[in-house]
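Participant: Kindly generate the corresponding structure for this input.
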Amino acid sequence: MKKEQILEVLEKWSYELNGQKLISWNPYDIADAILAIKDSDLITEPMQINDDLLTLAIKTFGNDAQTEMIIEECTELALALMKLKRLRGDMELKYHNVIDEIADVTIMMRQAAKLFPQSRIQDRIDFKMRRLEVRLKR
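Facilitator: Model (predicted):
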């Protein structure tokens, strides 16, 4: 494994904070980068959410387990956002953790849409978006 390969993959894990580009030195990200190099040489395309893979996860682990994962990931996002608001600690790491949790919640919301009736979810989305529109027009 070449140093250039590791740096190139870590670059894909980089993010911006206050206009500065930062590379995460979070040990989990470094491990992910190394696994990415091993698994696919170099990642060149962004990974899209694969609905078939989410369906397989639900079938493999079950509705209850995936519902618990939804709760866990939403809770982790809420906690990461609360920590980001604190002025002490490593702001770069806290910012990166929020981004990471947003990704987890985004994936789990796609699974949630498979676990609950889509038409009822859409009805509530319609209602809430119309309500927001009315509030913003006041």
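
Participant: Longest helix in the chain, by number of residues?
Facilitator: Of all the segments of type helix in the chain, defined by DSSP state H, the longest one is helix 91-115.

Participant: Looks to me like residue 87 is in a helix.
Facilitator: No: applying DSSP: H, G, I helix; E, B strand; the rest coil, one finds residue 87 to be coil, outside a helix.

Participant: Over to it: give its phi and psi.
Facilitator: When read as degrees, to the nearest 10, the backbone of residue 87 gives phi -80, psi -10.

Participant: list the helices and strands the longest helix of the chain packs on?
Facilitator: strand 15-17, helix 51-61, helix 63-85 (3 or more C-beta pairs under 8 Å, 6 or more residues apart in numbering; DSSP states H and E). For glycine as for every other residue, the C-beta is placed from the backbone atoms N, C-alpha and C.

Participant: can you list contacts of the longest one?
Facilitator: Contacting residues not belonging to helix 63-85 are listed as 57-58, 61, 89, 91, 94-95, 97-98, 100-102, 104-105, 107-109, 111-112, 115 [C-beta atoms under 8 Å, 6 or more residues apart in numbering].
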